[in-house]
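In: I would like the atomic coordinates for the input below:
(one chain, ligands or ions: 1)
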Amino acid sequence: MIDILEFTLEQLSQTFAKNFGKGRFHAQALFRDIFKQGNTNFLSSPEFLNSPKFSKALEGKISLNPGEVVKSFDEGELTKFITRLGDGLEIESVVIPMTRHNTLCVSSQVGCKMGCKFCETGRMGFKRNLTISEITGQIYNARHNLGKDIKNLVFMGMGEPLDNFANLMGAVQVMNEQQGFDIALRHMTLSTVGLVPGIEQLAKLDMPGLRLAISINAPDDATRSRLMPINNRFPLAALKKSLINFPLSKRGIFLFEYILIKGLNDSPVHADLLADFINPLPVRLNLIAYNPVKGLDYESPSDKEMHAFADLLSAKGIMVIKRWSRGRSVAAGCGQLGRVSMETGRGIICEK
Ligand code: SF4
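Out: Presented below is the predicted three-dimensional model:
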């Protein structure tokens, strides 16, 4: 069976050539119909009508399984949607309106092993990795079932993307395919908690432009380990070393995400240590006000505290963007994306 959402054009052409003695011409027709147009009646295009034998041979051998969108929630232009997978588990994705186009926040696993304490869903454990087509199916559904114009992807949904390395990279290739979804690598951002072996593996691939975001959240090992257990395995020094060795493109930068939590990681000392950690890395820091989560004791900073923390970093020459997470009312803010699926008990999600 050809699970079409797992294929690049080259891979599909080769599969057709090997199994049916046909090649790129028909693969291109399928890519146009399925990836560009979302046409599910794909063997009805002129290219296939003119090749009845080949069409007959393909019947029942191509599957298109993006999963079923079972629910969506809107807040203004922001849309969160839930996809039910073949085994009944559910994942969540979020369409975030940006200045010119939409960004899709993509999940890479059902659940997560990382157990970040600020994350509502990190407490719920890991169910399984998503397959390539379950990852690419999210953009298929956003574009063709919800009608959203998606131009950017962020791998910040459910799961730790580098913990599902092979499938994630396979999905990146499929989503990057020019004759398919056609998302440029520079429009994709992979967000990690700092899984050092994954960062090192990624460094070995030649993927200029793919942007790397690191969920930092604390500038010292004691605080970070408290918030993010992964820091016990890969402390800040190891993380920094992997970033120093990472082959950034010319003028490339890392994105750092820092969720500011009142009384926990928001003091002037934390700001100083964070500036030291960042130096000399080229970094843009997203400073995100913590969103209150039911059942967790952490508190949001006030606007004044956000500005004060950002000012301390800016004074040290760090580029800081302040963010108050959107989507609180639909539980789609940072660390909140699991609420709906938690209630159904089928799956969980969060955003780093
Ligand atoms: S924040 Fe991300 S990496 Fe951490 S537990 Fe939640 S899903 Fe996993």
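
In: Map the structural domains onto the sequence of the protein.
Out: 2-63, 68-344 (automatic domain parsing).

In: Mean neighbour count, those domains: which tops it?
Out: Of all these, domain 68-344 has the most neighbours on average by mean count of other Cβ atoms under 10 Å, namely a mean of 19. To be clear about C-beta, it is placed using only N, CA and C from the backbone, and glycine gets the same treatment.

In: Get me the contact residues on the stretch 51-200 of the chain for the ligand.
Out: Residues of the stretch 51-200 of the chain found near the ligand (Cβ under 6 Å from any ligand atom) are C112, M114, G115, C116, C119, T121, G122, M158, G159, E160, V193.

In: can you redo those as TSV with distance to R224 and pLDDT?
Out: What follows is those, written out as TSV (distance: Cβ to Cβ, whole Å; pLDDT from 0 to 100):
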residue	distance to R224	pLDDT
C112	17	92
M114	12	93
G115	13	91
C116	10	91
C119	14	83
T121	19	69
G122	14	77
M158	22	90
G159	20	93
E160	15	94
V193	10	95
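
In: three-state assignment of the nearest residue to C105 once chain neighbours are set aside?
Out: Distances taken as Cβ to Cβ, 6 or more residues apart in numbering place V94 nearest to C105, at 4.2 Å, with adjacent residues excluded. Under the three-state scheme (DSSP: H, G, I helix; E, B strand; the rest coil), the conformation of V94 reads as strand.

In: Same check on G170?
Out: Remark: G170 carries the secondary structure label helix [criterion: three-state DSSP].

In: nearest residue to it other than its sequence neighbours?
Out: Counting by Cβ to Cβ, 6+ apart, the nearest residue to G170 once its immediate chain neighbours are dropped is I132, at 4.2 Å.

In: Repeat that for I135.
Out: For I135, the nearest residue in space outside its immediate sequence neighbours is A171; the separation is 3.8 Å by Cβ to Cβ, 6+ apart.

In: before we move on, the earlier item: check contacts around the residue nearest to G170.
Out: Contacts here follow Cβ atoms under 8 Å, 6 or more residues apart in numbering; on that basis I132 touches D3, L5, E6, N167, G170, A171, V174.

In: Pretty sure the third one sits against G170.
Out: Looking back up the chat, that one is E6. Yes - contact between E6 and G170 holds when scored by Cβ atoms under 8 Å: they sit 6.7 Å apart.
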